[in-house]
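S.K.: only the shape, not the letters, is given here:
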């Protein structure tokens, strides 16, 4: 093979790059990688195998484990001091470099970091320059989805860089381990696009985007790693693609995710990363790679995403929460075209930027036309229908009636008359509710004719009048009376007037049973609403009985998948959590059942409640990573349904802060609790129970962070109110 100095410059330079990648690949994937390489490049395969054989022999002889190399440069060892850092253990090892876990050991900062250095036998010359270039590139980047450069230095002649240590899983492993559906995978992929787009805005191309270079933390945040073969696009470099550094270190890349221009040694641009992102998205969605080897990348078109998905086994599809047939339907058309455009062989035919790719995926999520499609009138109409189902369905009904003749028109007219009748009843009911509430204000004015006294009557007193009258007024239309009782239940509940809420709940059940009967959903809803109150009062056995009664009525009506049915499962989960005896099975089962039902319905706050409830179960059973992920998902859902300043979002923030405290992420916990406090104070005022509980949590947090004076001040404020 020649001596060590020849390895970086002669015909072995390309083999060294691939050798490094092979060593970084888990053992179960190396055989396939080498087989693909043998078919596509037998000459390169032979050199890589020679390097692997030499490496194995060196390992057997302990050649690479010496404290000092022939150059006199030290090799990293456990417990070794490297500047202010103490080395802990090896994280990864390639043919030319290695990454170690370390801790800062000078008393100024205590935290885990990742230290990347070269094998001492390659610690001089062009490979040293490559590591320094990586440090230079990372030094320009500060983005939440990119692992940060923390430090760099030289010790005993050894160059090293210190990186943010990302504790996580490769993005494909993370998605499969949690059986994330297509929507969740696209959301995670959007974070990767944001990181790559940010690098591009700083004139940096990554050139090695692949699953193992994207780790996802327990909080569900994607982190882009390893700019080791990254390239600067600054003006001083753009005119000379094959610089001395590139010539000397060879073209290192991962064939399965490399763009055609990388394989051919042609100029690399931001379009190169667009291609790799397309290959990554293909793997995340379909579970297979678009190409098997370099020859296929150069000469074959990838199989459509949906067709590839149709051939996957049940297990692979199940990891995406669906069957192979359902996965194929989800990925067909729009996603097919988006991925195909990203994987086009000529760089100029791909998306013009990573942001353009990300925006097309956002359009897909919003059911809008994607730029990757031809934009035909029929296609745009289909997207319009997806976004406006109700209106289009009504218009289609009219067209259909015209097309099928007089009989159809008469039938449609009958349907329309029925809909109109229902609409009139609903309008009359709403008008009656409004008139009744206005009557309460008019009655108050009659009782206090001077005006000033009337204005002094509080909302609470008006609600007392309204509640008393509706409970006694048997002459009111039953449907209107039940609607009024429901409205007054909500208002009294917000005012924490528990006796009134309970009286209204029981009255609703009685009226529904007498006037509508067991076959009417209003009786089931009345039982479910009453259970909600009992839950609030922590009367769990009564709440369980009320919820089971609601479920019994729904089951008799054949209802196993409505919003109300899902809500009942949420309530049973809350009851199981409230009576928790150390076994999470019951609570988890009910919340999971609720999620299965509610995820197939239009977004509702009950889905957020289910996820936040599941997060609470994970918290009490000390599954903190799962609790953090479930909390964040629940907060996002609550924000999407109720708005970012709603009390439901605040409750999610408060719950998440407790979990973060338990894993010693103090700053994040404090930030989330501050958000919760701000929302509670705005929504309810300083004297509300939710606001006070948040203030108590803030006091506890200060105490845990040894801020005793601040803790005392916060708790004294609560006691003073």
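M.R.: Structure received. Keep in mind it's a predicted model, so treat the numbers as computed, not measured. Numbers count the residues shown, from 1 in each chain.

S.K.: how's this protein carved up into domains?
M.R.: Taking automatic domain parsing as the reference, the chain has its domains at 4-65, 167-382, 390-416, 616-721.

S.K.: of these, which is nearest residue 488?
M.R.: Residue 488 lies closest to domain 616-721 among the domains of the chain, at 19.3 Å (CB to CB). Yep, even glycine has a C-beta here, placed from its N, CA and C like the rest.

S.K.: hmm, back to that, okay, the domains of the chain in JSON lines with distance to residue 483, mean pLDDT and mean neighbour count next?
M.R.: Formatted as JSON lines, the domains of the chain follow (distance: least, CB to CB, whole Å; pLDDT from 0 to 100; neighbours: other CB atoms under 10 Å):
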{"stretch": "domain 4-65", "distance to residue 483": "62", "mean pLDDT": "67", "mean neighbour count": "16"}
{"stretch": "domain 167-382", "distance to residue 483": "34", "mean pLDDT": "81", "mean neighbour count": "19"}
{"stretch": "domain 390-416", "distance to residue 483": "23", "mean pLDDT": "40", "mean neighbour count": "12"}
{"stretch": "domain 616-721", "distance to residue 483": "22", "mean pLDDT": "80", "mean neighbour count": "18"}
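
S.K.: wait, which of these is closest to residue 160?
M.R.: domain 167-382 (13.3 Å).

S.K.: to residue 482, which of the domains of the chain lies closest?
M.R.: From the domains of the chain, taking CB to CB, the stretch that ends up closest is domain 616-721, at 25.0 Å.

S.K.: export the domains of the chain to TSV and append columns for distance to residue 150.
M.R.: Listed next are these as TSV, based on distance: least, CB to CB, whole Å:
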stretch	distance to residue 150
domain 4-65	22
domain 167-382	14
domain 390-416	53
domain 616-721	17
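
S.K.: among those domains, which comes closest to residue 569?
M.R.: Of all these, domain 616-721 sits nearest to residue 569, with 13.4 Å by CB to CB.

S.K.: give me every residue that touches residue 38.
M.R.: residue 45 (CB atoms under 8 Å, 6 or more residues apart in numbering).

S.K.: when you give positions from now on, start the count at 58
M.R.: Understood, numbering begins at 58; the last thing we discussed is residue 95.

S.K.: am I right that it is in a helix?
M.R.: Yes. Residue 95: assigned to a helix according to DSSP: H, G, I helix; E, B strand; the rest coil.

S.K.: ok, residue 687 touching residue 667?
M.R.: No. Taking CB atoms under 8 Å as the definition, residue 687 is not a contact partner of residue 667, at 9.4 Å.

S.K.: what about the strands in the stretch 208-357 of the chain?
M.R.: Assigned by DSSP state E, counting those that start in this stretch, the strands in the stretch 208-357 of the chain fall at 215-221, 225-227, 261-262, 271-274, 279-281, 288-289.

S.K.: what's the closest of the ones you listed to residue 557?
M.R.: Closest among the strands of the stretch 208-357 of the chain, using CB to CB: strand 271-274, at 47.1 Å.

S.K.: outside of the closest one, which residues touch it?
M.R.: With CB under 8 Å, 6+ apart, strand 271-274 has contacts from 204, 223-228, 231-232, 245, 249, 279-282, 337.

S.K.: of all the domains of the chain, which one is nearest residue 610?
M.R.: Closest among the domains of the chain, using CB to CB: domain 673-778, at 26.2 Å.

S.K.: if we can go back for a sec, what's the closest of the domains of the chain to residue 194?
M.R.: domain 224-439 (4.8 Å).

S.K.: those helices in the stretch 208-357 of the chain, which residues are they?
M.R.: For the stretch 208-357 of the chain, the helices defined by DSSP state H, counting those that start in this stretch occupy 228-234, 239-258, 292-295, 301-306, 317-321, 327-343, 351-356.

S.K.: ok, which of the ones you listed comes nearest residue 716?
M.R.: helix 228-234 (19.0 Å).

S.K.: could you single out the nearest of the contacts of strand 271-274 to residue 267?
M.R.: Proximity of the contacts of strand 271-274 to residue 267 was ranked by CB to CB; the top entry is residue 337 with 6.8 Å.

S.K.: rewinding a little: which one of the domains of the chain lies closest to residue 173?
M.R.: Closest approach to residue 173 among the domains of the chain is made by domain 224-439 (8.0 Å; CB to CB).

S.K.: how confident was the prediction at residue 208?
M.R.: Looking at residue 208, its pLDDT is 78.

S.K.: just give the closest residue to it, not the sequence neighbours.
M.R.: Leaving aside its sequence neighbours, residue 208 sits nearest to residue 219 (CB to CB, 6 or more residues apart in numbering; 3.8 Å).
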